[in-house]
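# below are the sequence and a predicted model; questions follow.
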Amino acid sequence: MEYSRIISVTGLGGLFELVGSKADGAIVRSLEDNTTRFVSSRVHSFSHLESIEVYTVRDNVNLVEVLQAMSASKEATPSEKDAAAVKAYFQKVYPDMDFDRVYGSDMKKMVKWFTILKNNNVELKLSEVVEDEDAEEVAVEEAPAVVAEEAKPAKATKAKKATAEVAEGGEEAATPKKRAPRKKKTEEE
């Protein structure tokens, strides 16, 4: 199982593997009980673990760095229910963490997630971005076409054209004719 496919879903505990996505949500598989379900994006938000960062006393680091430090540590993982033990654990394992800005609930969640990932044998590494020189050239060549399409003016209505003509020429243009109100449909029609 790839670390890049693991997500967190708001309102649902635990971690999920992203199986598929749809316009109105995602199909996810729980890493705890292997149940598959559809989760609506109207109700829930999704966060890839790769995109989560942790506050440190220096620059923010990706969550995977903290998880790797937890994996490399010989310290026993505490119960996520004991807040004091969790904080003491992180002070030993990752002392650079900014304990003023990282809440106890976040540290508990990291311990829980680490346990789930370890039980599912997920390799803790970020996916590598493969850079292709040809892809960069194509992107550069296509960019001007996109800009040109965005620069096209939208269709102007008669009122806007008349206003533009007044502004440009200084002369008053004929005012556009008003439309008659539409008739309401009756049951007979």
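Okay, I see it.

# switch to C-alpha atoms for all contacts and neighbour counts from now on
Noted.

# contacting residues for Y94?
Counting by C-alpha atoms under 8 Å, 6 or more residues apart in numbering, Y94 makes contact with V66, A69, M70.

# against I27, how distant is F38?
Going from F38 to I27 by C-alpha to C-alpha, to the nearest Å gives 4 Å.

# pLDDT weak spots in this structure?
129-181, 183-189 (pLDDT under 70).

# helices of that one, start to end?
Remark: helices assigned in the chain by DSSP state H are 63-72, 83-93, 104-119, 133-151, 158-169.

# convert the C-alpha atoms of the third one to PDB, please.
Translated: helix 104-119. The C-alpha trace of helix 104-119 is given here as PDB (Å, rounded to 0.1, in the frame of the first residue of the first chain):
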ATOM      1  CA  GLY A 104      -2.300  17.600  22.300                       C
ATOM      2  CA  SER A 105      -5.100  16.300  20.200                       C
ATOM      3  CA  ASP A 106      -2.900  16.500  17.100                       C
ATOM      4  CA  MET A 107      -0.100  14.600  18.900                       C
ATOM      5  CA  LYS A 108      -2.600  11.900  19.900                       C
ATOM      6  CA  LYS A 109      -3.800  11.700  16.300                       C
ATOM      7  CA  MET A 110      -0.200  11.200  15.100                       C
ATOM      8  CA  VAL A 111       0.300   8.300  17.500                       C
ATOM      9  CA  LYS A 112      -3.000   6.700  16.400                       C
ATOM     10  CA  TRP A 113      -2.100   7.200  12.700                       C
ATOM     11  CA  PHE A 114       1.400   5.800  13.200                       C
ATOM     12  CA  THR A 115      -0.100   2.700  14.800                       C
ATOM     13  CA  ILE A 116      -2.500   2.200  11.900                       C
ATOM     14  CA  LEU A 117       0.200   2.700   9.300                       C
ATOM     15  CA  LYS A 118       2.500   0.300  11.100                       C
ATOM     16  CA  ASN A 119      -0.200  -2.400  11.400                       C
END
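
# residue numbering should commence at 28 henceforth.
That works, and once the first residue is 28, the last one we named lands at helix 131-146.
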